[in-house]
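*Asks:* Provide a 3D model corresponding to the input given below.
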Amino acid sequence: MVLGVRWLAAARVSRRSGVMLGLGFGLLVWLGGMPRIQGADRLVWRAAENRVDAEIEGWPLTKLLEKLSAKTRWQVLLEPELKHTVSAKFSGLKVDEALRRLLGNLNFMLAPAANAPARLYIFRTSMAAATELVAAPAEHSADEGAPPALSNELIVTLKPGAKESIDELAQRLGARVIGRAAELRAYRLRFDDQAASQAARTALESDPNVSAVDANHQVPRPDRPEPLAVGPLLPPFTLRPKATADGSRVVVGLIDTAIQTQGTILNDFVLPGVSVAGEASVPANQPTHGTSMAETLLYRLSLAPDSSSGTPVRILPVDVYGAGQSTTTFEIARGIYAAIQGGASIINLSPGGEADSR
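*Replies:* Below is the predicted model of the structure:
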C-alpha cells in the first residue's frame, strides 16, 4: 500500500471534470470549470460564468465537434453519417441552451464517463447509435501540471518494525502528526514552514526507520453538478438490486464527497458509508458530487442488456472531503484503503483539480 500512497501523492487530476476509475455516465454533468474555447471562430466558453458565446456561420458539424473535443476534453460520439450545418449567433447562454442552439434538431446527451472526460453523444433517434468518436485535432494539447503540494507537510511511511515511533520522530524533527493511517504505516506531518519541511525531508531520506517520504498534495472539492437538459429519448430508471447469497456481490468504492439517499435512486444500492474526513454538511436541495456520481454508475448499469434481471452491484460511499473545501492525497489514500477493507473491488475516484489527468 506504500505504492498507493506514493502514486496518489504524484497523481494529476483533471480540470474540474473528474477522473473516474470505474464505469458509467448519467444525467448530471459537472460543468463548473470547463475550459474556455478561444480563437477567431468566435466560440467562447466562459467557464467562470458557465456561459457560452458564439457567432458561427455554415460550419460542418464535425468542425464544431472537433473544437468542442479539443477545448473541453469531452469525448464526442456521433451517429455515423449524421449531417448538420451549424449557424448560430448568441451570447451568454447556459451550456445546455448553447448546445441546443448549436446542434439544432439533433438529439444529444452530455454526461460524465468512466475513467475519462465527459461524453457528448449526438444522435438522431437513439443514443446507442452514437458510436463514431470525433477526435480533437492532433495539434491541440493541454498544459501539464499537478495539484499544489502543501509546502509545510510531508507524508512519512515507516518501515515494518521501525525502532522509532512516528511521535518520537515528529518530536525530534519539530513537527506535529496531524493524520494517521497506522494500517499503512503512513503519517501526515506538519512543520512550521517550508524550510523546516525541506530540512526534515533531507534527514528522513536517510533515516533507517523510514521507507518513504512524499509530498502531500491539496485536492479541491469537486464542483457541485448542475442538471443538464437532455433529449426526451432516455428510458426511465428501472434497475433493481439483485440478491446475492453466493458472494457474487460487486462492491464499488465511491471515493468522493458525502452522498444523499433520500429522494434519489440510491436507497437500495448503497452500503453504510465511511468518512475519513469528519462529518459533512450535506445540502438538502441540491445533489452533492458524490450523489451525482453514484446515480451515474447506476444509470449506466440500468442500460446494460441484462439489467432486467437486476444488478449485484452495491456502492460503498467513502467521504474524503467532510465539510472542507478541499482534501489531500493523504485522505484520498486513506479513503481508497477503507473502501478496499470494506470489500470494494472497483474504485470510483472523481476528485477536483486544476491540472490534467495522465
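*Asks:* so where's the stretch 251-358 of the chain uncertain?
*Replies:* Residue ranges of the stretch 251-358 of the chain with pLDDT under 70: 352-358.
*Asks:* Now do the helices in it.
*Replies:* Applying DSSP state H, counting those that start in this stretch to the stretch 251-358 of the chain gives helices spanning 289-302, 329-341.
*Asks:* how distant is the longest one from the center of its chain?
*Replies:* To tie it back to what came earlier, the one meant is helix 289-302. Distance of helix 289-302 from the chain centroid (C-alpha atoms, centre = their mean, to the nearest Å) equals 12 Å.
*Asks:* picking up where we left off before, need the helices of the stretch 251-358 of the chain in TSV (columns: distance to residue 63).
*Replies:* No exception for glycine: its C-beta is placed from N, CA and C like everyone else's. Putting the helices of the stretch 251-358 of the chain into TSV (distance: least, C-beta to C-beta, whole Å) gives the following:
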stretch	distance to residue 63
helix 289-302	30
helix 329-341	39
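*Asks:* Could you dump the ones you listed into TSV with mean neighbour count added?
*Replies:* Listed next are these as TSV, based on neighbours: other C-beta atoms under 10 Å:
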stretch	mean neighbour count
helix 289-302	25
helix 329-341	24
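*Asks:* between those, which one is nearest to residue 187?
*Replies:* Nearest to residue 187 among these is helix 329-341 (8.7 Å), distances taken as C-beta to C-beta.
*Asks:* C-alpha coordinates for that closest one, PDB please?
*Replies:* Only the C-alpha atoms of helix 329-341 are listed here, as PDB (Å, rounded to 0.1, in the frame of the first residue of the first chain):
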ATOM      1  CA  THR A 329      -3.800  12.900  -1.300                       C
ATOM      2  CA  PHE A 330      -3.200  11.500   2.200                       C
ATOM      3  CA  GLU A 331      -7.000  11.400   2.900                       C
ATOM      4  CA  ILE A 332      -7.700  10.000  -0.600                       C
ATOM      5  CA  ALA A 333      -5.200   7.200   0.100                       C
ATOM      6  CA  ARG A 334      -6.900   6.500   3.400                       C
ATOM      7  CA  GLY A 335     -10.300   6.500   1.600                       C
ATOM      8  CA  ILE A 336      -9.200   4.000  -1.000                       C
ATOM      9  CA  TYR A 337      -7.800   1.700   1.700                       C
ATOM     10  CA  ALA A 338     -11.100   2.000   3.700                       C
ATOM     11  CA  ALA A 339     -13.000   1.100   0.500                       C
ATOM     12  CA  ILE A 340     -10.900  -2.000  -0.100                       C
ATOM     13  CA  GLN A 341     -11.200  -3.000   3.500                       C
END
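*Asks:* Now do it: which elements does it pack against?
*Replies:* With contacts defined as 3 or more C-beta pairs under 8 Å, 6 or more residues apart in numbering; DSSP states H and E, helix 329-341 has these neighbours: helix 2-10, strand 176-181, strand 186-190, strand 250-256, strand 274-275, strand 313-319, strand 346-349.
*Asks:* Now for residue 167, how many residues are close by?
*Replies:* If you count neighbours by other C-beta atoms under 10 Å, residue 167 ends up with 12.
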